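Q: Take this sequence and fold it.
(one chain, ligands or ions: 2)
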Amino acid sequence: MSIKDPQQDTDLIYSKPQVKVADFQFDAQVVEVFPDMIKRSVPGYNTIIDTIGNLAGRYAKDNTNIYDLGCSLGAASLAMRRSIQAKDCKIIAIDNSEDMVDRCKIHINAFKGDTPCEVKLGDILTEPMENASVIVLNFTLQFIAPEKRAQLIENISKALVPGGLFILSEKIYDQDPVCKELLNELHHDFKRANGYSELEIAQKRSAIENVMKPDHLSNHLQRLQQAGFSHATPWFQCFNFFSLVAIK
Ligand SMILES: Nc1ncnc2c1ncn2[C@@H]1O[C@H](C[S@+](CC[C@H]([NH3+])C(=O)[O-])CC(=O)[O-])[C@@H](O)[C@H]1O
Ligand SMILES: O=C(O)C(=O)Cc1ccccc1
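A: Residues are numbered from 1 along each chain as shown. Ligands and ions are numbered 1, 2, ... in the order given. Presented below is the predicted three-dimensional model:
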């Protein structure tokens, strides 16, 4: 007999009507349901996590650091730790939500791995980064103030060793309003198919509109070029969610 409440880990945060929907925060309530929320909200999330693991296995170099910026519960760090064969690497997973970091430490410590992983409470805009062969920004840049994004990408570029890899995943907007609307509709259909109601979709949208500001794909590519990346290519897109790799 199972003693686990099957609803316990299900994202029901926006299932009841709220008089005023507060801005979205990565707090204790979100931590409880985060794996369910992200899987049901972000198309391709599991594929992206698996591919981050694969890429880290290919690009991690001996005696370097691997950064997971805005690590949430550590899914990308765990995938990377499973596949890294390089010697004397260290994974540094950073998040500025105390609730996320506390739970992330539990997740990371629940599995064994040869590569050490430090989980740090910190702001990725000010945490120092150096000697990195892989840096991951998996759906985090969209929560950073737009005017601070270029500096962060430049810091990432500077922290990478030559040939180092940057993985950036984001929600994006299409520049063509008709295409933007279509991708948005397809994303909402994805959420409906995953059991979210119209109310949940609408309330979540108002909760994130002030805190999550996606860019156009061209903004991302331009920033990377400006920051000195020699190569960059999107490797994944499903509706308005995409992931790219850039090589220093
Ligand atoms: N300035 C900041 N400094 C540090 N962390 C920050 C900052 N701003 C936001 N965060 C953190 O960035 C994370 C974004 S979630 C990333 C998913 C994860 N990467 C995953 O692969 O599962 C994306 C999503 O939920 O859509 C949250 O945990 C924030 O606390
Ligand atoms: O839920 C959404 O509509 C999103 O766009 C993605 C998302 C996923 C998890 C937290 C915040 C936003």
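
Q: which residues does whichever residue of the chain sits closest to ligand 2 contact?
A: Going by CB to the nearest ligand atom, ligand 2 is nearest to Ser41 of the chain, at 3.5 Å. The way it works is simple: take the backbone N, C-alpha and C, and place the C-beta from them, glycine included. Ser41 is in contact with Lys191, Asn194, Tyr196, Lys204, counting by CB atoms under 8 Å, 6 or more residues apart in numbering.

Q: So which bits of this structure are right by ligand 2?
A: Met37, Ile38, Ser41, Val42, Lys171, Lys204, Ile208, Met212 (CB under 6 Å from any ligand atom).

Q: Using CSV, lay out those together with secondary structure and pLDDT.
A: Formatted as CSV, those follow (DSSP: H, G, I helix; E, B strand; the rest coil; pLDDT from 0 to 100):
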residue, secondary structure, pLDDT
Met37, helix, 97
Ile38, helix, 97
Ser41, helix, 98
Val42, coil, 98
Lys171, strand, 98
Lys204, helix, 96
Ile208, helix, 96
Met212, coil, 96
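
Q: Nearest to Ala76 among the residues you listed?
A: Ile38 (11.4 Å; CB to CB).

Q: out of everything not next to it in sequence, what's closest to the closest one?
A: Sequence neighbours aside, Tyr45 is the residue nearest to Ile38 in space, at 5.5 Å (criterion: CB to CB, 6 or more residues apart in numbering).

Q: need the longest helix for the protein.
A: If you go by DSSP state H, the chain has its longest helix at helix 177-193.

Q: Can you verify my assumption that Leu224 contacts Ile153?
A: Yes. Using CB atoms under 8 Å, Leu224 is in contact with Ile153, at 6.6 Å.

Q: And the two? Which one has more around it.
A: Ile153 (23 against 20; other CB atoms under 10 Å).

Q: Just the element for the more buried one, please.
A: Using DSSP states H and E, Ile153 falls within helix 149-159.

Q: helices or strands up against that helix?
A: strand 132-138, helix 217-226 (3 or more CB pairs under 8 Å, 6 or more residues apart in numbering; DSSP states H and E).

Q: tell me the most buried of the ones you listed?
A: strand 132-138 (a mean of 25; mean count of other CB atoms under 10 Å).

Q: residues in contact with the residue of the chain at minimum distance from ligand 1?
A: When distances are taken as CB to the nearest ligand atom, the chain reaches nearest to ligand 1 at Gly70, 2.8 Å away. Applying CB under 8 Å, 6+ apart to Gly70 gives the contacts Ile94, Asp95, Asn96, Ile124, Leu137, Asn138, Phe139, Thr140, Phe143.

Q: Report the secondary structure state of the first one.
A: If I follow you right, that is Ile94. Put simply, Ile94 is strand when judged by DSSP: H, G, I helix; E, B strand; the rest coil.

Q: tell me which residues form a beta bridge with it?
A: Leu69, Lys120 (DSSP bridges).

Q: swap in the fifth one?
A: Using DSSP bridges, the beta-bridge partners of Leu137 come out as Leu168.
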